[in-house]
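**Student:** This is a predicted model, with the sequence first.
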Amino acid sequence: MTETIKVFIADDHPIFRKGLAQILSEVPHIAVVGEAEDGAAAIMQIRERLPDIVILDIDMPALDGFEVARTIAADNLPVRVIFLTMHNSEALLNRVLNLGVKGYVIKDGALAEIVQAIKCVMRDEEFISPALTKHLLKRLRRAEDVTDQKPTVKDLTPTEFKVIRSIANHKSSKEIAAEMFVSVRTVEQHRANIAEKLKLRGNNALLRFALDRRDEFL
């Protein structure tokens, strides 16, 4: 038997809020368990009712949608968030995604998209209004550009490459120093330089990196 999805709506436009609640109440396995017209009231009721899904407008009195979403996350509430807004904005979409929110629906297409958004977000899948596709593509391209710019083993000097290859073969700094006819201190400096170039942090980060990418050093 399919469990009922409990939905809470926070929007300061009463006509839109009531209309959305009415539509959702007619959908099988979805129940609207509360409404609020401002962010402060929303937080109080969300803590009390613990809905599965909270539908948030961005522009609300007292606390805006972002503040409500951050409070939900800070309190570790088992609640998923969908932003429902009139803003077709790349900047706002990026802020939403950076918060870890999986749903962003434009009000122009809300009635056609909101049920699908609820079901997707309940499955821990993302749902973004198709009207925002161009913004998503820009975000993806920027992420790919950043990935392309990350340092790789190709940025290492021949000596550094030799050192990391030895690390991948489970050799200690002392063993590497003996092979290269240098001091252990020199090998440690090479290791530090390699970690800095590859932006590796932590005591064993370089070793883990070398072992995970061992095939590249053979």
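**Tutor:** Thanks, I have the structure now. Since the model is a prediction, treat every value here as computed from it, not as a measurement.

**Student:** alpha carbons only for contacts and neighbour counts from here, please
**Tutor:** Will do.

**Student:** Quick test: name the residue nearest the centre of the chain.
**Tutor:** G100 (4.0 Å; Cα atoms, centre = their mean).

**Student:** Where does that one fall, secondary structure wise?
**Tutor:** Using DSSP states H and E, G100 sits within no helix or strand.

**Student:** Distance check, it against A74.
**Tutor:** Plainly put, G100 is 12 Å away from A74 if you go by Cα to Cα, to the nearest Å.

**Student:** Break the protein into its domains for me.
**Tutor:** 5-144, 153-217 (automatic domain parsing).

**Student:** Any chance of the ones you listed in CSV with mean pLDDT as columns?
**Tutor:** Below are the domains of the chain laid out as CSV (pLDDT from 0 to 100):
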stretch, mean pLDDT
domain 5-144, 86
domain 153-217, 85
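
**Student:** Can you tell me which of these is most buried?
**Tutor:** Among those, domain 5-144 has the highest mean neighbour count (mean count of other Cα atoms under 10 Å), at a mean of 17.

**Student:** What are the boundaries of the strands in this protein?
**Tutor:** Assigned by DSSP state E, the strands in the chain fall at 5-10, 30-36, 53-56, 80-85, 103-106, 127-128.

**Student:** could those strands go into a markdown table alongside distance to A117?
**Tutor:** Below are the strands of the chain laid out as a markdown table (distance: least, Cα to Cα, whole Å):
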| stretch | distance to A117 |
| --- | --- |
| strand 5-10 | 12 |
| strand 30-36 | 12 |
| strand 53-56 | 10 |
| strand 80-85 | 8 |
| strand 103-106 | 6 |
| strand 127-128 | 5 |
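
**Student:** Quick one, which of the ones you listed gets closest to S172.
**Tutor:** For S172, the closest of these is strand 80-85, at 47.8 Å, according to Cα to Cα.

**Student:** partners of the closest one, with directions?
**Tutor:** strand 53-56 (parallel), strand 103-106 (parallel) (DSSP bridges).

**Student:** what residues are up against Q116?
**Tutor:** F127 (Cα atoms under 8 Å, 6 or more residues apart in numbering).

**Student:** Now do the same contact list for the residue nearest to the centre of the chain.
**Tutor:** Applying Cα under 8 Å, 6+ apart to G100 gives no contacts.
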